[in-house]
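Trainee: give me a model of this one.
(chains A and B)
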Amino acid sequence: MALIDNILIKMVNLHEDFRLRGFNMRSIWMFYKCYNVAINILGIEDKTEKFKNRLWRLLVSAQVNPDNKKIKRLEAEFYNLINSDLIIVTDALITIQEENDKLGINKSHLWRKGILGFPAWEIEERE
Amino acid sequence: MQTNNTFILNQIMVRKWAYFGSTYLGNDLFYLLEFIDLCLEDLGEDNVVEMLKTDNSQNKKRLNQIGENWNKFSRQYAGIKSDVVKSKVYYDKIEKKDFSKIDSADVQIFLRCSKRIQLIQKEIYALAIFLLAHSKIRGQTVKDTDFKVLENTGLKKLEVVPRRAMLDHKMENDRDGTNR
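Mentor: Numbers count the residues shown, from 1 in each chain, chains lettered A, B, ... in the order given. Down below sits the predicted model:
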């Protein structure tokens, strides 16, 4: 599951990046990609699925004939939904982490002693 | 499940998965569908259907449903594939606001295809994660270089050093006798 872990973290970062740069459509799409992966990892049913799909269709059709007021309203609605859905993505990340721990995928080699960037107070003193 | 895939095929699969993560708006689905195709080819479609029917993971309800209605799902899958290929060209033009330059017939094609591509597609993602969990690449990690290829192309220009500047730099080094 390390691949899913990699991808989820990357997608969350890209979502934030696009949001900061003002690419709202990309940002929303990127987040719901994470969300799709997350609900399938946790095995959850989403009750607001049809509503979200309808909102997305409205957003796409509003972009073709640009109507800034409508676009901003739809994007604001999506960001409200994202704030509530973020919990599911974090839950999925925690689940993957637990599974990786069970499988024994160990990332501690990144923090082995003596490599550059290791906090000085944690290095054992030589006798 | 034992697979016969080679090292190169594994690498291609990991790359497709990485491209899926770092692209957006239609392009990502294109790579995801390619990844699914490769996995289906590798594991064998009949084997996958059997495995889906008898799956016992957290997402077993959805996966069993896909396995039982495989013919219906594969028809839907083929439809989404053709829609993704048709519509992925247009998404970038939307954000640059130059959609008005395209013919109205093309706009109609795009709207028809993009409406069929849902924001939340449980079945396709469920199948992709299931195949990933049963493939040989599940223990691997994605390289950073695989992520960086596509995510930068749409956002900023590539930095190219002018040829004149490179030549000047080389001549300077030759004159000094240094090899910087």
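Trainee: could I get the contacting residues of the residue most central in space within chain B?
Mentor: In chain B, the C-alpha nearest the mean C-alpha coordinate belongs to B:Tyr31, at 2.1 Å (C-alpha atoms, centre = their mean). B:Tyr31 is in contact with B:Lys16, B:Trp17, B:Tyr19, B:Phe20, B:Thr23, counting by C-beta atoms under 8 Å, 6 or more residues apart in numbering or on different chains. (Each C-beta comes from the backbone N, C-alpha and C, glycine too.)
Trainee: rerun at 10 Å
Mentor: By C-beta atoms under 10 Å, 6 or more residues apart in numbering or on different chains, the residues touching B:Tyr31 are B:Arg15, B:Lys16, B:Trp17, B:Ala18, B:Tyr19, B:Phe20, B:Gly21, B:Ser22, B:Thr23, B:Val84, B:Leu150.
Trainee: and the fifth one, how far from chain A?
Mentor: Counting by C-beta to the nearest C-beta, to the nearest Å, the gap from B:Tyr19 to chain A is 10 Å.
Trainee: before we move on, back to that, okay if I get the contacts of B:Tyr31 as TSV plus pLDDT and distance to A:Arg26?
Mentor: Formatted as TSV, the contacts of B:Tyr31 follow (pLDDT from 0 to 100; distance: C-beta to C-beta, whole Å):
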residue	pLDDT	distance to A:Arg26
B:Arg15	86	21
B:Lys16	88	20
B:Trp17	88	19
B:Ala18	86	18
B:Tyr19	85	15
B:Phe20	86	15
B:Gly21	84	13
B:Ser22	82	12
B:Thr23	81	10
B:Val84	85	16
B:Leu150	54	13
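Trainee: now whatever helix or strand the residue nearest to the centre of chain B lives in: how far from the chain's centre is it?
Mentor: Taking DSSP states H and E as the criterion, B:Tyr31 maps to helix B:27-43. How far helix B:27-43 lies from its chain's middle: 8 Å, per C-alpha atoms, centre = their mean, to the nearest Å.
Trainee: now swap in stretch B:42-50 and tell me
Mentor: 21 Å.
Trainee: one step back: what is the nearest of the contacts of B:Tyr31 to chain A?
Mentor: Nearest to chain A out of these is B:Gly21 (C-beta to the nearest C-beta; 4.0 Å).
Trainee: my guess is B:Phe73 contacts B:Glu45, does it?
Mentor: No - in this structure B:Phe73 lies outside contact range of B:Glu45 using C-beta atoms under 10 Å: 11.5 Å.
Trainee: higher neighbour count, those two?
Mentor: Neighbours were counted for B:Phe73 and for B:Glu45 using other C-beta atoms under 10 Å in any protein chain shown; B:Phe73 has more, 18 against 11.
Trainee: how much space separates the more buried one from chain A?
Mentor: 15 Å.
Trainee: give me the pLDDT for that residue.
Mentor: Looking at B:Phe73, its pLDDT is 89.
Trainee: mind showing which ranges of the chain have poor pLDDT?
Mentor: No chain specified, so I'll use chain A. Along chain A, segments meeting pLDDT under 70 span A:104-127.
Trainee: look at chain B instead
Mentor: Ranges of chain B meeting pLDDT under 70: B:1-5, B:91-102, B:148-180.
Trainee: coming back round to it: what's next to the helix or strand just after the helix holding B:Tyr31, contact-wise?
Mentor: Next along the chain after helix B:27-43, taking DSSP H and E as the criterion, comes helix B:45-53. Residues from elsewhere that reach helix B:45-53 (C-beta under 10 Å, 6+ apart): B:1, B:3, B:36, B:39-40, B:42-44, B:60, B:62-68, B:70-71, B:73-74, B:126-127, B:130-131, B:134.
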